[in-house]
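# next one to model:
(chains A, B, C and D)
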Protein chains: 2
Amino acid sequence: MPSPKVNIDRVFHALGDPTRRALVEKLSAGPLSVSSLATPLDITLTAVAQHLQILEESGLVRTEKIGRVRTCRIDPAGFAALEKWIRDRRSMWERRLDRLGDLLSGS
Amino acid sequence: MPSPKVNIDRVFHALGDPTRRALVEKLSAGPLSVSSLATPLDITLTAVAQHLQILEESGLVRTEKIGRVRTCRIDPAGFAALEKWIRDRRSMWERRLDRLGDLLSGS
DNA sequence: ACGATACTGAAGTTTTCACTTGACAATTAG
DNA sequence: CTAATTGTCAAGTGAAAACTTCAGTATCGT
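Reported below is the predicted structural model:
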């Protein structure tokens, strides 16, 4: 199951942590195993696995276990939700500023 | 002082909290005072003020105190930083997928 | 002047959350 | 078969962070 319903709440919570953002940045360059992700960060493998679970539940990362190695890659779904949220907010206050501009320039 | 250097770390941390995101969403519709922001959320005024400080330090919100009322509004700077971060990551894995596509289609 | 409004500051409580440890399961290599 | 690799599970620790209370300040309306 990929990511049927992405929750924006989870997405923001996931990206709120700097370590998880570091994981996402690494994965942006291409898929990696859990231990490859863990090695450069001086935290335990367990901690990384926990972060990955949160990233996966948020729809930002997709993982697949083949044999004994779990391969992780970026899942576009979470990013799409994130971009939509920003776009929605932005359109709100830009529309508002437009109306303000209309008023000031005399309709 | 507006927001000279926006820190993406602070931006993501600020938006990681659902209450702060609710504040941002309210402010997207237009500027509001601290107490107007606090009333619908069943937390104390003090808590809201604390959230606003974090939002301001992150470059997502700008506030100005006139008389006894502090007016809060969206600050585009934080959002710009956020969008840039996403754009950067996205371009990374899209470039990668492009190269992959080239390989599969026989250069 | 007086009371009400709109915050602000300091300090404490409670909850959340990142991280660790240690034991265990499954897979692969020699 | 054995040993090393790769990851998982359960439980606990500690620190950050959200939220509260309470006391105080500045401003506004009458």
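
# which helix is the longest one in chain A?
Longest helix in chain A, counting residues (DSSP state H): helix A:76-104.

# is that helix anywhere near chain B?
Yes - Helix A:76-104 comes into contact with chain B when judged by Cβ under 8 Å from any Cβ of the partner chain, the residues involved being A:79, A:82-83, A:86, A:89-90, A:92-93, A:96. No exception for glycine: its C-beta is placed from N, CA and C like everyone else's.

# between these, identify the one with the most neighbours.
Counting neighbours by other Cβ atoms under 10 Å in any protein chain shown, the top entry in those is A:Leu82, with 24 neighbours.

# how much space between the nearest residue in space to it that is not next to it in sequence and A:Gly101?
The shortest distance from A:Leu82 to any non-neighbouring residue, by Cβ to Cβ, 6 or more residues apart in numbering or on different chains, is to A:Val11 (5.4 Å). To A:Gly101, A:Val11 is 33 Å away according to Cβ to Cβ, to the nearest Å.

# for the residue in chain A that DNA strand C sits nearest to, give me phi and psi.
Residue nearest to DNA strand C within chain A (Cβ to the nearest atom of the strand): A:Gly67, separated by 2.4 Å. Backbone dihedrals for A:Gly67, given as degrees, to the nearest 10, come out at phi 60, psi -130.

# number of residues surrounding the closest residue to DNA strand D within chain A?
Relative to DNA strand D, the nearest point of chain A is A:Ser35 (2.9 Å; Cβ to the nearest atom of the strand). The tally of other residues near A:Ser35 (other Cβ under 10 Å) stands at 12.

# please report how far it lies from A:Val48.
Taken as Cβ to Cβ, the span from A:Ser35 to A:Val48 is 8 Å.

# do the same with A:Arg73
If you measure A:Arg73 against A:Val48 using Cβ to Cβ, the figure is 15 Å.

# do the same with A:Gly78
Shown here: A:Gly78 relative to A:Val48, a distance of 18 Å by Cβ to Cβ.

# start to end distance for stretch A:8-28?
20 Å (Cα to Cα, to the nearest Å).

# got it, and stretch A:32-40?
One end of stretch A:32-40 sits 13 Å from the other (Cα to Cα).

# which other residues reach it?
Contact with stretch A:32-40 is made by A:23, A:26-27, A:44-45, A:47-49, A:52, A:69-72, as judged by Cβ atoms under 8 Å, 6 or more residues apart in numbering or on different chains.

# among those residues, which ones are buried?
Buried members of these, scored by 16 or more other Cβ atoms under 10 Å in any protein chain shown, are A:23, A:26-27, A:48, A:52, A:70, A:72.

# measure how buried the residue nearest to A:Leu82 is and give me the count.
A:Val11, neighbours per other Cβ under 10 Å, totals 24.

# my guess is it meets A:Glu83, correct?
No - counting by Cβ atoms under 8 Å, A:Val11 stays clear of A:Glu83, with 10.4 Å between them.
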